[in-house]
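Asker: predicted model follows, preceded by the sequence.
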Amino acid sequence: MTRPVEEDIVRRALVGVLMPTPSTLESTRKAQYGPKKKFRMTKRPPPEALEPVEVEPPPAHISILELLSSKTLSVCWSDPRSGHYADQVWRIGLARKDAFCVLTGRPIRRGDPVFRPRACETYFPANRNRMILASEVPGYARGIVLD
């Protein structure tokens, strides 16, 4: 007895989906082609730029082992929270956000040249967000390794 009623409900649902009434078509067209939102272009910094800088404690031990090239250096890093890296390669780049240098504690501003641990899709070190100011690396000056 309930079987024909269920089949009828399914049939009506399929007909409603496959052959919609003109009134439902009108409502969907209006929703799709409504007025576009206007976006205001401002010179305000993005919201993340206004957030306070997180001060992380310095690592227990950090030392620069050697300059490998004009763009990379080898660092020995040891910290109970982020682990031990005996010969970690750090690469030069620009700071993406404000932070503090792990060697000296000096402030780093967005856009300053800094060294960061090399990371990729398969290698994601725990200290990947830490930075060293390029001006604080002995023997490094404006992208040129001094001998």
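Answerer: Perfect, I can see it now.

Asker: neighbours of the residue nearest to residue 88 when sequence neighbours are not counted, how many?
Answerer: The shortest distance from residue 88 to any non-neighbouring residue, by CB to CB, 6 or more residues apart in numbering, is to residue 75 (5.0 Å). From N, CA and C alone the C-beta is placed, and that goes for glycine too. When neighbours are counted by other CB atoms under 10 Å, residue 75 registers 24.

Asker: quick check, residue 75 in a strand?
Answerer: Yes. Remark: residue 75 belongs to a strand, assigned using DSSP: H, G, I helix; E, B strand; the rest coil.

Asker: and the next helix or strand past the biggest strand by length in the chain?
Answerer: When the chain is parsed with DSSP state E, its longest strand is strand 83-94. The first helix or strand that comes after strand 83-94 along the chain, using DSSP states H and E, is strand 99-100.

Asker: that following strand packs against which elements?
Answerer: strand 107-108 (3 or more CB pairs under 8 Å, 6 or more residues apart in numbering; DSSP states H and E).

Asker: run a quick neighbour tally on residue 98.
Answerer: Residue 98: 16 neighbours (other CB under 10 Å).

Asker: equivalent analysis for residue 17, please.
Answerer: Residues contacting residue 17 under the criterion other CB under 10 Å number 8.

Asker: rewinding a little: so what pLDDT did the residue nearest to residue 88 get?
Answerer: Looking at residue 75, its pLDDT is 93.

Asker: rewinding a little: parallel or antiparallel, which strands does the longest strand of the chain pair with?
Answerer: In the sheet, strand 83-94 lines up against strand 72-79 (antiparallel), strand 113-117 (antiparallel) (DSSP bridges).

Asker: show me what counts as buried in the longest one.
Answerer: Within strand 72-79, the residues that qualify as buried by neighbour count (16 or more other CB atoms under 10 Å) are 73, 74, 75, 77, 79.

Asker: same thing with stretch 89-96?
Answerer: Judged by neighbour count using 16+ other CB under 10 Å, the buried positions of stretch 89-96 are 90, 92, 95.
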